[in-house]
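> sequence first, predicted model second:
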Amino acid sequence: MPSKVIIDTGNHIAGYACKYAKAEVVAAYPITPQSPVVEQVAELIEKKEMDAEYIAVESEHSAMAALVGASLGGVRTFTATSAHGLALMHEMLHWASGARLPIVMAVVNRAMGPPWTIWSDLTDSLSQRDTGWIQIYCASNQEIFDTIIQAYKLCEDKRVLLPAMVCFEGFILSHTSMPVKIPDQKEIDNFLPPYKPEVIVDVDKPFTQGAIVSPDYYMEFRYLIQQAMDNAKTLIPQIDKEYGKRFGFQYGGHIEPYKCEDADLILLSMGTIGSEAKIATDHLRKQGLKAGSARLRVFRPFPVEEIRKLAENAKMISVIDRQISFGIEGALFSEVKASLYEGRDKPLTAGFIAGLGGRDVTFHDIEKIAEKSLKWLKTGKTSGKTEWIGLKEVT
């Protein structure tokens, strides 16, 4: 069959991606706004449209524990979660990466409570950035499908063997319908062959997995994970490019730049804010302002070299975070500044917090950020503090 176009929500598209990736075991627990992902998978399995085992568990911690066991058994696995569900998984996230298991998980980003909320920011996944999971952030439903397929190819590579989160914002993408082109199953199978694990837990050939290790060896295990992250950093743009050649969709590897070649000011963000930033960039260009925008797709492994290349000709980079690391600033802004630290001619940098708890961030908001940034660029000095966009008066 040729490729087809499906118009559906980001959640359902993630479910279709699970099907076309031929995941064999899915374990999950529902949580808003993620629930429709695994409901879609359960329905596909029930209708015999997907050959997989679905495990309904009592918590997100158990969901990841089940997938750790299934992955050790040598099968391709999938789950999805959000916010407090992801937080409940925290212990098992370390087990998955420490055991070098290529589990793929859709994270439908939702802000953390209290105060209680079901709307989006990136705090839930960015809070897990040191667990050893690859993290990729999407800006469209098409990218959700494509990235889940690519994530399996990346994670199952013998040079990587790490789990990955494919992240997309709750309601903004999860419940919004968009047209998505689904390639032919045979073509996907050619791109993503069946999973062939290096090690399988077998009762007939018992061995120890994840047992206690002394200080003489523990550090080396962690060094190997770091090496795997470095390998993933190299493979991500290669896989993205190969996918683009086969299926027509390519996302720039680690960073998707937009009109950055001659830009004095680059607006850097993640997720759907990156889509709005393109519109703002077009408006600023019409005003004769040399602005560009860039969307960071991969937060772990962090693309230090690509950030430095992005900054080579820019005079200023303004970072828009949909997250706050309490006590300092947005996580993306911290990483960008660290990446540029050793540069000789560093661009001016500024950090902005926007869109927490699902508050809209429009291209008008981003234009205001650009206007403020360009004023600072003229003086050569920023305010020296993190700027909160759209903040109401607080006492």
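Received the coordinates, thanks.
> how close does the residue of the chain most remote from its centre get to residue 254?
In the chain, counting by C-alpha atoms, centre = their mean, residue 204 sits farthest out from the average C-alpha position, at 38.3 Å. According to C-beta to C-beta, to the nearest Å, residue 204 and residue 254 sit 43 Å apart. C-beta here means a position set from N, CA and C on the backbone, and glycine is covered the same way.
> repeat for residue 196
27 Å.
> quick one: pLDDT of the residue farthest from the centre of the chain?
With respect to pLDDT, residue 204 scores 90.
> begin at 501, not 1, for the rest of this chat.
Okay, using 501 as the starting number, the last item reads as residue 704.
> thinking again about what came up before, of residue 696 and residue 754, who's got more company?
The residue with more neighbours, out of residue 696 and residue 754, is residue 754; 22 against 9, by other C-beta atoms under 10 Å.
> contact partners for the more buried one?
733, 736, 737, 796, 797, 798, 803, 806 (C-beta atoms under 8 Å, 6 or more residues apart in numbering).
> got the phi and psi for it?
Backbone torsions of residue 754, given as degrees, to the nearest 10, read phi -80, psi -40.
> go on, residue 697?
Per degrees, to the nearest 10, the backbone of residue 697 is at phi -70, psi 150.
> OK, contacts around it?
Counted by C-beta under 8 Å, 6+ apart, residue 697 has contacts 571, 574.
> now, the contacts of residue 754 that are in helices?
733, 736, 737, 806 (DSSP state H).
> rewinding a little: and the contacts of residue 754, which are buried?
Among the contacts of residue 754, those classed as buried by 16 or more other C-beta atoms under 10 Å are 733, 736, 737, 796, 797, 798, 803, 806.
> any idea which element the residue positioned nearest the centre of the chain lies in?
In the chain, the centroid-proximal residue (C-alpha atoms, centre = their mean) is residue 636; its distance is 2.3 Å. Assigned by DSSP states H and E, residue 636 falls within strand 634-637.
> chain center to the following helix or strand past that strand: distance?
Heading C-terminal from strand 634-637, the first helix or strand you meet, by DSSP H and E, is helix 641-655. The chain centroid and the centroid of helix 641-655 are separated by 10 Å, computed with C-alpha atoms, centre = their mean, to the nearest Å.
> the helix or strand just after helix 641-655 vs helix 641-655, what angle?
The first helix or strand that comes after helix 641-655 along the chain, using DSSP H and E, is strand 664-669. Following axes from the mean of the first three to the mean of the last three C-alpha atoms, to 10 degrees, one obtains 170 degrees for the angle between strand 664-669 and helix 641-655.
> would you put the C-alpha positions of strand 664-669 in PDB?
What follows is strand 664-669 as a C-alpha-only set of coordinates in PDB (Å, rounded to 0.1, in the frame of the first residue of the first chain):
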ATOM      1  CA  ALA A 664      14.300   7.800  24.800                       C
ATOM      2  CA  MET A 665      11.500  10.200  25.600                       C
ATOM      3  CA  VAL A 666       9.600  11.700  22.600                       C
ATOM      4  CA  CYS A 667       8.000  14.800  24.200                       C
ATOM      5  CA  PHE A 668       5.100  16.900  22.900                       C
ATOM      6  CA  GLU A 669       3.000  19.500  24.700                       C
END
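> contacts for that strand, please.
Residues outside strand 664-669 that contact it (C-beta under 8 Å, 6+ apart): 510, 514, 602-609, 620-622, 625, 628, 633-638, 644, 647-648, 651, 654-655, 674, 771-772, 822.
> rerun at 6 Å
Outside of strand 664-669, the residues within contact range by C-beta atoms under 6 Å, 6 or more residues apart in numbering are 510, 604-607, 609, 620, 625, 633-638, 644, 647-648, 651, 655, 771-772.
> right, and the helix or strand after that strand?
Next element after strand 664-669 (DSSP H and E): strand 677-682.
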